[in-house]
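Student: sharing a model prediction with you, sequence too.
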Amino acid sequence: MDLPPVGLGTMRIDDPDPVATALSVGYRHLDTARIYDNEAVVGGGLAAGLADVDVERDDVTVATKLWIDDLAGEDVAPAARESADRLGVDAVDLLYVHRPRGDYDPEATLPALDRLVDDGLVRNVGVSNFETAELDRAIEVLGRPPAAHQTELHPLFFRPELLDHARDHGYPVVAYSPLAGGRVGEIDAVVEVAEAHDATPEAVAIAWATAKEPVVTVPKASSAAHLRANLAAAALELTDAEVAAIDAVEREEELFPE
């Protein structure tokens, strides 16, 4: 998929206004999930935003995810239909397997998702929080790479092997929690790079992530100022040395482990 460098993560957003504002300032990728319990909120913001800005529905990628108890073959279609209805869309642009756990069975779940593409309810099938072996199995069953792989990625945690896999197979990585849960301002290497560019640590974290081809990000923001700042951060150009300095940060601070 051709996704913009910065989209809107919506976990814990419970008001449609930030979603509508995001569209008005230029966002074209909205990311939610059934487990967030806010698909109707995102859908309300989408409808309000489209009514206020000169943008077509097809220009906005609306993504959601099936939770682990939605993944049995017979449950995929009803869950996806419920999500589309709550989002107020005829088709979900990108539907992820949220985690390969619970009722996930690649031989049943993935073909059920593929049938939704054939039926027009879903436009693209993605996966989230997969390991490389699970990605390989998904590619084998689907007969093609996923449309995208969403994974946690920020200066305190990222998996280089997942980026290598995406490059080898030609699909984007969607980085969630790129601001490390608000902790990027505590990371010395990030702060030093931010000071060198007269930028915020948050902007540097987003720029660092999007410098890693083929990564795009979905930071959460609510205020218009933060929405604009996150969107603009992808234009910040870091040197190879600055990227390497952040790469060298000691990690393993996973925010959302299994």
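Tutor: Yes, it's here. Please read all numbers here as calculations on a predicted model, not as lab measurements.

Student: where exactly do the strands run in the chain?
Tutor: Ranges of strands within the chain are 8-9, 29-31, 61-66, 94-97, 125-128, 149-152, 173-176, 215-217, based on DSSP state E.

Student: pairing partners for the most centrally placed residue in the chain in the sheet, please.
Tutor: For the chain, the residue whose C-alpha lies nearest the mean C-alpha position (CA atoms, centre = their mean) is residue 174; its distance is 4.3 Å. Under DSSP bridges, the beta-bridge partners of residue 174 are residue 150, residue 216.

Student: so it sits against residue 216, correct?
Tutor: Yes: if you go by CB atoms under 8 Å, residue 174 and residue 216 touch, sitting 5.6 Å apart. C-beta coordinates here come from the backbone N, C-alpha and C atoms, glycine included.

Student: need the overlap of contacts for these two.
Tutor: Here residue 174 and residue 216 have 3, 7 as joint contacts, going by CB atoms under 8 Å, 6 or more residues apart in numbering.

Student: now do the contacts for the residue nearest to the centre of the chain.
Tutor: Residues in contact with residue 174 (CB under 8 Å, 6+ apart) are 3, 7, 31, 126, 148-151, 215-218.

Student: just among the residues you listed, which is most surrounded?
Tutor: Highest neighbour count within those: residue 217, with 31 neighbours (other CB atoms under 10 Å).

Student: who's in contact with it?
Tutor: Counting by CB under 8 Å, 6+ apart, residue 217 touches 5-7, 153, 174-176, 178, 206, 209-210, 234.

Student: just the buried members of the residues you listed?
Tutor: Buried residues within these, defined by neighbour count using 16 or more other CB atoms under 10 Å: 5-7, 153, 174-176, 178, 206, 209-210, 234.

Student: columns pLDDT and distance to residue 166 on top of the residues you listed, output as JSON lines?
Tutor: Below are the buried ones among the contacts of residue 217 laid out as JSON lines (pLDDT from 0 to 100; distance: CB to CB, whole Å):
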{"residue": "5", "pLDDT": "98", "distance to residue 166": "15"}
{"residue": "6", "pLDDT": "98", "distance to residue 166": "18"}
{"residue": "7", "pLDDT": "98", "distance to residue 166": "17"}
{"residue": "153", "pLDDT": "97", "distance to residue 166": "11"}
{"residue": "174", "pLDDT": "98", "distance to residue 166": "10"}
{"residue": "175", "pLDDT": "98", "distance to residue 166": "11"}
{"residue": "176", "pLDDT": "98", "distance to residue 166": "15"}
{"residue": "178", "pLDDT": "97", "distance to residue 166": "16"}
{"residue": "206", "pLDDT": "98", "distance to residue 166": "18"}
{"residue": "209", "pLDDT": "98", "distance to residue 166": "13"}
{"residue": "210", "pLDDT": "98", "distance to residue 166": "14"}
{"residue": "234", "pLDDT": "95", "distance to residue 166": "18"}
